[in-house]
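In: Let me see the structure of the following:
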Amino acid sequence: MFVQASEDLYEIIQERYERRPLIVTSSRPARWPRIFSDSLLASAALDRLTHHCQTILIQGQSYRQSGRRKEGTVIEQPANTV
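Out: Take a look at the predicted model:
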């Protein structure tokens, strides 16, 4: 992510922290530290996001790919969503 974009995302997280709810969805939870250009900024953002969070982990086959599986035109990949 570009430096300005990661700073903007952090600013949104910071402004909402302990004030208003924030819903974040991600299909790549392990990559969050690499989203931010600065490791300190990434750590601060993740601390705020996970402080009062409820994490829902959904594992299994992609519902969107069910039709393609029937046709035999899909490459199987596990669906991980947080």
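In: any chance you could map the strands in the protein?
Out: Taking DSSP state E as the test, the strands found in the chain are 58-60, 79-81.
In: all helices of this structure, in order?
Out: Ranges of helices in the chain, per DSSP state H, are 3-16, 32-35, 39-51, 66-71.
In: which strands and helices sit next to the second one?
Out: Think helix 32-35. Packing partners of helix 32-35 (3 or more C-beta pairs under 8 Å, 6 or more residues apart in numbering; DSSP states H and E): helix 39-51. Using the backbone N, CA and C atoms, a C-beta is placed for each residue, glycine as well.
In: Likewise for the longest one?
Out: With contacts defined as 3+ C-beta pairs under 8 Å, 6+ apart, the secondary structure elements packing on helix 3-16 are helix 39-51.
In: what ranges of this structure fall below the confidence cut-off?
Out: Residue ranges of the chain with pLDDT under 70: 1, 69-82.
In: which residue is nearest the centroid of it?
Out: Ser26 (2.6 Å; C-alpha atoms, centre = their mean).
In: my guess is it contacts Leu49, does it?
Out: No. Here Ser26 does not reach Leu49: they are 10.1 Å apart, not a contact under C-beta atoms under 8 Å.
In: so which of the helices of the chain comes closest to Ile58?
Out: The closest of the helices of the chain to Ile58 is helix 66-71. By C-beta to C-beta, the value is 14.8 Å.
In: follow-up on the earlier one: okay, the helices of the chain in CSV with mean neighbour count and distance to Gln59 next?
Out: Listed next are these as CSV, based on neighbours: other C-beta atoms under 10 Å; distance: least, C-beta to C-beta, whole Å:
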stretch, mean neighbour count, distance to Gln59
helix 3-16, 13, 26
helix 32-35, 14, 18
helix 39-51, 14, 19
helix 66-71, 10, 16
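In: Apart from its chain neighbours, what residue comes closest to Asp38?
Out: Ser6 (7.1 Å; C-beta to C-beta, 6 or more residues apart in numbering).
In: So the one you found sits against Leu40, correct?
Out: No. Ser6 is beyond contact range of Leu40, at 11.3 Å (criterion: C-beta under 8 Å).
In: before we move on, back to that, got a list of what the residue nearest to Asp38 touches?
Out: Residues counted as contacts of Ser6 (C-beta atoms under 8 Å, 6 or more residues apart in numbering) are Ile35, Phe36, Ser37, Asp38, Leu41, Ala42.
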